[in-house]
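K.L.:
Could you look at this predicted model? Sequence included:
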Amino acid sequence: MKTNPPHAWPNNTQEAISIQEQLRSQVVTTDELAEIRYVAGVDVGYKHSDSLTRAAVAVLSFPDLQLCDRAIAQTPTTFPYIPGFLSFREVPAVLQALEKLKITPDLVLCDGQGLAHPRRFGLACHLGVITDLPAIGVAKSRLIGEHEALSNRRGHWQPLLDRGETIGAVVRSRTGVKPIYVSIGHRVALTTAIDYVLRCTSKYRLPETTRWSDRLSREDKMN
DNA sequence: GCGACAG
DNA sequence: ATCTTGTCGC
């Protein structure tokens, strides 16, 4: 698929903050989706030295979740890991991987937060706005926000709150497992996002999309 | 100043 | 994320 050239890249957190504050107004928090036929999962890993960033993208058919396309890309790591600035570290490699896809996904599930972010502009929002693809943040752990006790049954969820504002949801993707953190990335409402995440999750805690991109990333690591 | 802190 | 063996539990 084609992606638009990214905006100027920051060299420090001050510049990164101003970019986040500028771009967050472009996030669409309502459903603006076409028919979903292909869902992509994105995973990013790093080499031992941390100097290389590797992005893997898996495109699955929806709703049957069969692997239809895949891509890997590696770029020099240009930004350190700082909570709240993950996207500046991962987006460049992800864009290169997306460029290699033959199939343009209708929805992207990102490994990280979307709106559930200090400035409401996590990885899923950033990638969504840059590509203008519908995107959802699916994180394995919490960045910010609090929530009420959660039922341990699959499908149950609680709003994730920050100063009374709903910024995402804590979702039990499988009965009895640790919950996952789902939030709006771009062009998807929260309840719709939760629904798609659950529909992409069958046998395990994480969506099949993330599991596939994880696998592709690990395979590539061996080469 | 003391914790918390996506991947 | 990544470095890493065995081990507890279903």
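P.N.:
Yep, it's here. Residues are numbered from 1 along each chain as shown, chains lettered A, B, ... in the order given.
K.L.:
Going by C-alpha atoms from here, please, whenever you check contacts or count neighbours.
P.N.:
Will do.
K.L.:
Grab the most central residue of chain A for me.
P.N.:
Closest residue to the average C-alpha location of chain A: residue A:110 at 1.4 Å, with Cα atoms, centre = their mean.
K.L.:
beta partners of that one?
P.N.:
Counting by DSSP bridges, residue A:110 is bridged to residue A:137.
K.L.:
So it is in contact with residue A:133, correct?
P.N.:
No - assessed by Cα atoms under 8 Å, residue A:110 is found out of contact with residue A:133, at 11.6 Å.
K.L.:
pretty sure residue A:158 is in contact with residue A:169, am I right?
P.N.:
Yes - with contact defined as Cα under 8 Å, residue A:158 reaches residue A:169; the gap is 5.6 Å.
K.L.:
of the two, who's got more company?
P.N.:
Neighbour totals were compared for residue A:158 and residue A:169, and residue A:169 leads with 27 against 18 (other Cα atoms under 10 Å).
K.L.:
which element follows whichever strand or helix holds that one toward the C-terminus?
P.N.:
Using DSSP states H and E, residue A:169 sits within strand A:165-171. Note on strand A:165-171: by DSSP H and E, the next helix or strand toward the C-terminus is strand A:180-186.
K.L.:
which residues sit against that next one?
P.N.:
A:27-29, A:113-116, A:122-129, A:132-142, A:167-173, A:190, A:193-194, A:197, A:205-206 (Cα atoms under 8 Å, 6 or more residues apart in numbering).
K.L.:
Distance-wise, check the residue in chain A that DNA strand C sits nearest to relative to DNA strand B.
P.N.:
Closest residue of chain A to DNA strand C, Cα to the nearest atom of the strand: residue A:45 (3.8 Å). Counting by Cα to the nearest atom of the strand, to the nearest Å, the gap from residue A:45 to DNA strand B is 6 Å.
K.L.:
Please enumerate the helices of chain A.
P.N.:
Using DSSP state H, the helices found in chain A span residues A:13-23, A:86-99, A:123-131, A:190-199, A:208-221.
K.L.:
and the ones you listed, which is most packed in?
P.N.:
Of those, the one with the most neighbours on average (mean count of other Cα atoms under 10 Å) is helix A:123-131, at a mean of 27.
K.L.:
Right, I'll leave it there.
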